[in-house]
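# Fold the following.
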Amino acid sequence: MPTPKPRIAILGNRVPGLNIPELEHFTDLGSLLAAVAFDVVLLDMPAAYAAKVLRKLRSIEPYRYTLIYCCRDQDGWCEALGDGAYPIESSEIKTQWASWQERFRLFRQGSGQERFESRVLTWLWLRDNAQVYALRDPEVPQHYRYPLLDALADNEPVNSFVWLSLMVQQDWLEEGVLVDRVRLCSDCGSGRLNYIDVCAECHALDISRQPSLHCFTCGHVGPQESFLKDAVLLCPNCLNRLRHIGSDYDRPMENYRCRSCQAFFVDAEVQARCLDCGLSHSPDKLRVREVRDFRLAEAGRFRCRQEFSERSARHFGRLNLLGGKDFFELLNWQIQIVRRYSLPAFSLIGLRFVNLAGTLTRLGEQRGHAFVDSVAERLQESVRETDRCSRSTEEYFWIMLPHTDEKGLESVKQRLGRVAELFSAPEISDVSLRVVSITAPKDLIDQEDAELLVARLAGELGDAP
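Numbers count the residues shown, from 1 in each chain. Have a look, this model is predicted:
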């Protein structure tokens, strides 16, 4: 069966040297939108114009997920919303589109497009190594925005920073490069702050740097100008003449003077005044926010692979899958109970599907999806309703069995042996199943918590996840 060819449109100029017979040329965005939606779009225009076009295309459904390449220079908006520079060879465009199309078919089978969360995860999942990029923008109070989230929000009110934090907590996304660290008003959350020096005594704004003198005779400290009389240094308090610095007087460290309360001080107090709400804060009271790029986590990629199919969602939903953080919290609770009371015992099973990730890539999205679906069915037959599971990567699967001693553990492991029967077919013979397990409290190490326990078992399974 021949590989289908994508319909490709170019907006702007024609790219010289790009040999694509089926390429259709448009000179303006309106004419492109009036035509039937294309599979691939090339933008041959300066970055500033390409960014505006990208913002428009990503905000409308026909081009929300489409592969869009920029043919010239790229700015931050192009990197955040586009698919990079256009490939030189037309065959590479077709290869990338074929991979995209295979994943997109799975997406359309499910109901993932209905929620903002699924729209963002899907956009990332459809592209290898895609990220949610932070872009510096002086127009927003927090100084940074996430163009992809803005484009996919579809008029929903979304707090990008809060939403991203929630996705990280649920293990769907993981943190990438640290872009910046900003300080925000603790009241309104704005980053538009003015740092001002104020009087250390009365907190007035009207202060000035002014040289001062200190009379050793009476201890008086005052501005240097008040000591000058007829070109002679004379203390205005005790009227003694000051001849020698170090024996009659010196210059104190206090060289700031407040014009409101006349106080002298060494260093002014710094306040951060919000330019939006007007409140002043001590700098140590400001909210500190790290601005990062984000990428799809292994658990998020696994969710995308499975949840866009109703049948797969039904199977894996019954496995009681937990995110990594929730799983560790529950496991820590079980560890604390058995250490304090010894009973009831619990067991933990670690499974590693060796070479699964590579096999899924070789099988392709459709066949790989069907294979993982069959694995889910076998796992569901082995896992009880009271058990809790977590998946740290494509290859690693964890099962926590409450109220399960060594005898009960062996029974579950025997049922899990049926999963390995699926790896007998020639195309998936490279996949093998490794199993490791412990029963607590007998197999626990002193001072070992959930993360250390999982790391120890992962080491026994092979490479750490």
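# So what touches the lengthiest strand in the chain?
Of all the segments assigned as strand in the chain under DSSP state E, the longest by residue count is strand 173-184. By C-beta atoms under 8 Å, 6 or more residues apart in numbering, the residues outside strand 173-184 that reach it are 131-132, 134, 136, 142-144, 164, 167-168, 190-191, 193, 272, 283, 286-297, 300. In short, each C-beta sits where N, CA and C put it, glycine included.
# again with stretch 43-51
Contacts of stretch 43-51 from elsewhere in the structure, counted by C-beta under 8 Å, 6+ apart, are 10-15, 53-54, 68-75, 77-78, 81-82.
# Could you give me the ChimeraX selection string for whichever of the residues you listed are buried?
Under the burial definition 16 or more other C-beta atoms under 10 Å, those of these that qualify are selected in ChimeraX by:
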select :10,11,12,15,53,54,68,69,70,71,72,74,77,78,81,82
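# Counting only strands, which of the contacts of stretch 43-51 make the cut?
Per DSSP E, the subset of these in strands is Ile10, Leu11, Gly12, Ile68, Tyr69, Cys70.
# The first one is in contact with Thr27, isn't it?
Spelled out, it's Ile10. No: in this structure Ile10 lies outside contact range of Thr27 using C-beta atoms under 8 Å: 9.9 Å.
# so where's the stretch 301-450 of the chain shaky on pLDDT?
305-321, 361, 364-370, 372-373, 394 (pLDDT under 70).
# contacting residues around the residue nearest the centre of the chain?
Per C-alpha atoms, centre = their mean, the C-alpha nearest to the average position across the chain is that of Phe294, at 3.2 Å. Contacts of Phe294 were listed using C-beta under 8 Å, 6+ apart, and they are Gln131, Val132, Leu164, Met167, Val168, Leu173, Glu174, Glu175, Gly176.
# Could you do Phe353 as well?
Contact partners of Phe353, counting by C-beta under 8 Å, 6+ apart, are Val375, Glu394, Glu395, Tyr396, Phe397, Val431, Ser432, Leu433.
# ok, 10 Å please
For Phe353, the contacting residues are 359-360, 372, 375, 393-397, 419-420, 422-423, 431-434, taking C-beta atoms under 10 Å, 6 or more residues apart in numbering as the criterion.
# Give me the lowest-pLDDT entry from the ones in strands among the contacts of stretch 43-51.
Comparing pLDDT over those, Gly12 scores lowest. The value there is 85.
# does it really touch Cys71, like I thought?
Yes: between Gly12 and Cys71 a contact is recorded at 7.5 Å, counting by C-beta atoms under 10 Å.
# List phi and psi for Cys261.
The phi/psi pair for Cys261 (degrees, to the nearest 10) reads phi -110, psi 0.
# got any ranges where the stretch 51-200 of the chain has weak pLDDT?
107-114.
# and Pro87, that's in a helix?
No: counting by DSSP: H, G, I helix; E, B strand; the rest coil, Pro87 is not part of a helix but coil.
# neighbours around it, how many?
Pro87 sits with 15 neighbouring residues when counted by other C-beta atoms under 10 Å.
# Provide a list of residues in contact with it.
Leu18, Tyr69, Ile93, Lys94, Thr95, Gln96.
# Mind checking which of those are in helices?
Secondary structure from DSSP state H places Ile93, Lys94, Thr95, Gln96 of those in helices.
# who wins for most neighbours among those?
Among those, Ile93 has the most neighbours (other C-beta under 10 Å), with 22 neighbours.
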